[in-house]
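Participant: next come a sequence and a model predicted from it.
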Amino acid sequence: MGDIDEAKRILGKEGATLVIVKEGRVLFTSDSSGIRGLLQAIEELGKEMAGSSVADRIVGRAAALLLAYSKIGEVFAFIISTEGLKVLRENGIKVEHQNVVQTILDRTGMNVCPFEKFSSKIKAIETAYDQLKAFAEECRKIE
């Protein structure tokens with residue numbers, strides 16, 4: 001079984017929202033919503049994420065920027081936005097998905113996800129992590 005297959009298996013069976021596997025080892029799992037799990041993975045794993053396989057329930061542009069920043073090798077998503085797919089493909093990341101949507105919505109399903117809106121301003125992969133982390137911290141203060 002390949003790394004992406006193992007990540008998909010864990011994502012589907014164990015209720016995780018994010019699974020990262022590399023060289024047959026599960027490096028990280030999360031059940032956090034939004035991009036919190038991905039931000040935490042980058043903080044904990046750093047460069048070790050490069051070349052890994054990631055299975056994530058929802059990948060929008062913000063998550064795709066973080067995956068590209070981390071130099072992920074391949075990604076599986078149940079749901080991916082058109083902008084997220086574009087970012088991954090532009091950065092040479094192999095992508096598998098079940099559903100493509102125009103945009104990722106917030107938890108109410110009524111508005112565009114705030115991270116999707118914010119990430120539209122990010123032009124450089126190199127700054128994506130710092131910008132999204134700062135935005136996530138701002139959002140936590142408001143909650």
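Facilitator: Here it is on my side, so go on.
Participant: list the contacts of the nearest residue to Asn91 once chain neighbours are set aside.
Facilitator: Among residues not flanking Asn91 along the chain, Ala68 sits closest, at 4.0 Å (CB to CB, 6 or more residues apart in numbering). C-betas here are computed from N, CA, C, even on glycine. Counting by CB atoms under 8 Å, 6 or more residues apart in numbering, Ala68 touches 87-88, 90-91, 93, 125, 128.
Participant: same question for Ile4.
Facilitator: Per CB under 8 Å, 6+ apart, neighbours of Ile4: 21, 53, 55, 74, 76, 96.
Participant: returning to what we had before: now, the contacts of Ala68 that are in helices?
Facilitator: Among those, DSSP state H puts 87-88, 90, 125, 128 in helices.
Participant: what distance do you get for the most centrally placed residue in the chain to Met1?
Facilitator: Central residue of the chain (CA atoms, centre = their mean): Ala63, 3.4 Å from the mean position. Separation of Ala63 from Met1 (CB to CB, to the nearest Å): 24 Å.
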